[in-house]
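Asker: Need coordinates for the below:
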Amino acid sequence: MNKEFKEFITYKVLEQKHSMTSLIDLDEDANQVGAIELKNVCAKLTKELSDRIDSTVGFLDIRKRKFIELALIQALDDAEEVIKNHLSDDEEWIDSQRTDKGKS
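Answerer: The predicted structure is shown next:
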């Protein structure tokens, strides 16, 4: 398959995939605010890092909130995998991951 054609088809398939399964963007759909509990997470960033984020989301044409949310999910998944690999017998870690805490 021609490289440019393959890239174009890949682009269109991914565009379709992500348009159908995009995350809820609460900035655009204010009606959803009552349905999902939100917490504000603040972090002081260097100007360089903030500018880099702005540049990247601008180039990708996505909202900053969505980009940061996806990046945090990936970082947490990666961290949890490393923790599980190295602390699989650690009761404190195992207990902290229980989703049924307080339900008895």
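Asker: Of all residues in the protein, which one is nearest the centre?
Answerer: With the centre of the chain defined as its mean C-alpha position, the nearest residue by C-alpha atoms, centre = their mean is L70, 1.5 Å away.
Asker: That residue and S55, how far apart?
Answerer: Separation of L70 from S55 (C-beta to C-beta, to the nearest Å): 17 Å. In short, each C-beta sits where N, CA and C put it, glycine included.
Asker: picking that back up, only the buried residues of the helix or strand containing the residue nearest to the centre of the chain, if you could.
Answerer: Element membership of L70, judged by DSSP states H and E, is helix 64-86. By 16 or more other C-beta atoms under 10 Å, the buried positions in helix 64-86 come out as K66.
Asker: Please state the offset of that helix from the chain centre?
Answerer: Here helix 64-86 is found 7 Å from its chain centre; the criterion is C-alpha atoms, centre = their mean, to the nearest Å.
Asker: name the helices or strands packed onto that helix?
Answerer: Applying 3 or more C-beta pairs under 8 Å, 6 or more residues apart in numbering; DSSP states H and E, we find helix 64-86 packed against helix 47-60.
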